[in-house]
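> here is my input; please provide its structure:
(one chain, ligands or ions: 1)
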Amino acid sequence: MEVLRNGRWNRLGGSYAKRFEETWARMLGARHCLAVANGTSALIASLNALGVGPGDEVLVPPYTFVATINAVLIQHALPVFVDTDLETFQMDAGKIEAAITPRTRCILPVHMAGSAADMDRILAVARKHKLPVIEDACQAHLGEWRGRKLSTLGDLGCFSFQASKNLNSGEGGAILTNSDELVEICNSFHNNGRGKSGMGFSYVRNGANLRITEFQAALLLEQLTRLEEQSRSREDNAAYLTSQLREIPGISPARLYDGCTRSAWHLYMFRYDKTRFAGMPRERFLKAMAAEGIPCSGGYSPLNKEPLLQATLQSRAFQRVFPAREIADYQARNTCPVNDRLCQEAVWLTQTMLLGARQDMDQIAQAIRKIQTHAGLLSA
Ligand SMILES: *Cc1c(COP(=O)(O)O)cnc(C)c1O
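Residues are numbered from 1 along each chain as shown. Below is the predicted model:
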């Protein structure tokens, strides 16, 4: 209401965006935070700041939201998929090095479900090959790797505050970095290429308008007051749920790496082994769960097989940038068999379910046990 009444709805005249940036940077232990319109914008601005452009390759996981690869494709760069680690659902850091080519310009790991990708190995490969790292932390608010907040380990880290996320302003995003130079480029790029003052009609580069509004920032400042408490509820419930689900044959909760000292639990993910449920297909299992009052989903389908990828590769712009031979070579390399399997076995619960009471977690485990007991009948 204060923003509404003071009439300064745009950040250039207001103070809320600035206050949110200072608060979020302090909470995460980063030198700079730039709030932006949404997570996709954060990724696009970050790739721009690193100069990723036509003809470049960016290493990405195939198990992520489409925005991760859309941001790469929009630069007319190729997302090169590194297969998934079946147990953790994260990018398999052991397979990054084999995917590097002379065109590789950046590594873009995702902290899937708010749990950390294997940052020790990712940063080691990045250092060895002198590649910058952008962390897609869009699901990872307050998540940690060895006590350090996710988004602050690479060169740049990106957040989303879209309505489904653990920190929600309807739409919103942020870029975290310790680099004075990179934040300056991101700031300019997200403000139509304006110079340091951020005002007026003089420009230092090509840019876009990816600015956050004062309304979004005011919501975020308020939401921040309960983020820590909600994160603790999710952690407690997730730990309890894991202790329950581990006992059920055929249910394998996603494992956290030892270095992941805190997960944001944006999703609770497990693998479903139908052979322990009388061969009942996953789709049937999901329906049975819904009938028990536990809505869950099968999650992502393989991004490296998305028709949108093929369509983009065949677009005029891409054909002009990449010789046919390059595209053919890319297609030949584009296989992620582990991820294909994961996409068939995964089951997700949303973060909001982890804000419930302990009895709610018991209900989830009871539903799965009940379905397992009657799996023979259900799959008949
Ligand atoms: C939500 C999300 C994004 C995109 O964020 P928007 O705010 O919706 O643009 C990017 N990457 C991942 C992994 C996400 O979950």
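
> hey, let's count contacts and neighbours off CA atoms from now on
Fine.

> for the residue nearest to the spatial centre of the chain, helix, strand, or coil?
The centroid of the chain falls nearest to Cys138 when counting by CA atoms, centre = their mean (4.1 Å). Three-state call for Cys138 (DSSP: H, G, I helix; E, B strand; the rest coil): coil.

> which ones are touching it?
Gly39, Val110, His111, Gly114, Cys158, Phe159, Ser160, Phe161, Lys165 (CA atoms under 8 Å, 6 or more residues apart in numbering).

> how many residues are close by the fourth one?
Same thing as Gly114. Using other CA atoms under 10 Å, Gly114 is surrounded by 28 other residues.

> check contacts around the residue in the stretch 251-380 of the chain positioned nearest to the ligand.
Residue of the stretch 251-380 of the chain nearest the ligand, by CA to the nearest ligand atom: His266 (8.8 Å). Counting by CA under 8 Å, 6+ apart, His266 touches Ala113, Gly114, Gln139, Ala140, Lys165, Asn166, Thr350, Gln351.

> pLDDT score assigned to the third one?
Turning to Gln139, the model gives it a pLDDT of 98.

> look up how far Cys158 lies from the residue nearest to it when sequence neighbours are not counted.
In space, and not counting its chain neighbours, Gln139 is closest to Gly114: 4.8 Å by CA to CA, 6 or more residues apart in numbering. For Gly114, the distance to Cys158 equals 12 Å [CA to CA, to the nearest Å].

> equivalent analysis for Ala140, please.
9 Å.

> and for Asp180?
Counting by CA to CA - Asp180 and Cys158 are separated by 16 Å.

> tell me which of the two has more neighbours.
For Asp180 versus Cys158, neighbours defined as other CA under 10 Å are more numerous around Cys158 (33 against 10).

> per-residue pLDDT, that one?
Here, the pLDDT recorded for Cys158 equals 98.

> one more: Gly198?
88.

> now do Ala126
On pLDDT, Ala126 comes in at 98.

> any idea which helix or strand carries it?
In this assignment (DSSP states H and E), Ala126 forms part of helix 119-129.

> now for that helix, which elements pack on it?
Contacting helix 119-129 under the criterion 3 or more CA pairs under 8 Å, 6 or more residues apart in numbering; DSSP states H and E is no other helix or strand.

> quick one: the helices in the stretch 51-200 of the chain?
With DSSP state H, counting those that start in this stretch, the ranges of helices along the stretch 51-200 of the chain come out as 67-73, 119-129, 180-189.

> nearest to Tyr16 among the ones you listed would be which one?
Of all these, helix 180-189 sits nearest to Tyr16, with 16.3 Å by CA to CA.

> could I get the buried residue list for the helix or strand just after the closest one?
Sequence-wise, the next helix or strand downstream of helix 180-189 (DSSP H and E) is helix 214-245. Across helix 214-245, burial judged by 16 or more other CA atoms under 10 Å covers 214-221, 224, 227, 230-231, 233-235, 237-238, 241-242, 245.

> need the contacts of His266 in CSV (columns: distance to the ligand).
Formatted as CSV, the contacts of His266 follow (distance: CA to the nearest ligand atom, whole Å):
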residue, distance to the ligand
Ala113, 8
Gly114, 9
Gln139, 5
Ala140, 9
Lys165, 7
Asn166, 10
Thr350, 12
Gln351, 12
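
> of all pairs in those residues, which one spans the longest distance?
Farthest pair in the contacts of His266, by CA to CA: Ala140 and Thr350, 13.5 Å.

> so which bits of the helix holding Ala126 are buried?
Applying 16+ other CA under 10 Å to helix 119-129 flags Met119, Ile122, Leu123, Val125, Ala126 as buried.

> and the gap between the second one and the ligand?
Translated: Ile122. In this view, Ile122 and the ligand are 17 Å apart by CA to the nearest ligand atom, to the nearest Å.

> pull the contacting residues for the residue lying closest to that residue once chain neighbours are set aside.
Closest residue in space to Ile122, ignoring its immediate chain neighbours: Ala93 at 5.9 Å, by CA to CA, 6+ apart. Listed by CA under 8 Å, 6+ apart, the contact set of Ala93 reads Asp118, Arg121, Ile122.
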